[in-house]
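*Asks:* coordinates only, no sequence provided:
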């Protein structure tokens, strides 16, 4: 059990139905319904759950993808080793850097989907504006365009993967996205 959840679980009664969701690292999301078994102590963090009758596999991806509508500015990165630098040391964008305005339409700990009016090429490198103020820790993250398509409604949809995120930063994003998806 995650420590922050202990307060919320302290009020769970044995006859209440629980909706359980869990994720396996580098796998997918699962969910099932259950209830507490005798011997459980939710206030102490011990939950004994009855086996769910069904286990639903919800996503078949490494990280949960959260729908979003977040305006963002990206900057073109020069080719080379810039993408290997951590966000705090990443490239001083300078006055001549190409800017790309768009909207993040979903995000995960592995990357984002972006809708914009600007075309990008697969393999191109961009970085999230280091001065961006987004609800998620995306400032200065370098991204590689892995897929770009013309949107039938106009503009383009780009799928970007993060290329310079260390494991601690990724774990922080996973936890934050997991908390947000509970509120959906």
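*Replies:* Sure thing, it's come through. Computed from a predicted structure; not experimentally measured.

*Asks:* would you mark the buried spots in the lengthiest strand in the chain?
*Replies:* The strand spanning the most residues in the chain, taking DSSP state E as the definition, is strand 66-76. Of the residues in strand 66-76, those buried under the neighbour-count criterion (16 or more other Cβ atoms under 10 Å) are 66, 68, 70, 72, 74, 75, 76. The C-beta positions use only the backbone N, C-alpha and C, and glycine is treated the same way.

*Asks:* and for stretch 8-22?
*Replies:* Buried residues in stretch 8-22, counted by 16+ other Cβ under 10 Å: 9, 18.

*Asks:* what residue ranges in the protein are flagged as low confidence?
*Replies:* Across the chain, the ranges flagged by pLDDT under 70 are 1-6, 22-29, 55-63, 79-97, 183-184.

*Asks:* quick one, helices of it?
*Replies:* Secondary structure of the chain (DSSP state H): helices at 6-9, 167-182.

*Asks:* follow-up on the earlier one: quick check, nearest of the buried residues of strand 66-76 to residue 108?
*Replies:* Within the buried residues of strand 66-76, distances to residue 108 taken as Cβ to Cβ reach their minimum at residue 66, with 6.8 Å.

*Asks:* just to check, that closest one is in contact with residue 109?
*Replies:* No. Residue 66 is not in contact with residue 109 according to Cβ atoms under 8 Å; the separation is 9.7 Å.

*Asks:* list the contacts of the residue located most distally from the centre of the chain.
*Replies:* Among the C-alpha atoms of the chain, the one most distant from their mean position (Cα atoms, centre = their mean) is that of residue 38, at 36.0 Å. Counting by Cβ atoms under 8 Å, 6 or more residues apart in numbering, residue 38 makes contact with 14, 48.

*Asks:* since that was my last question, I'll sign off now.
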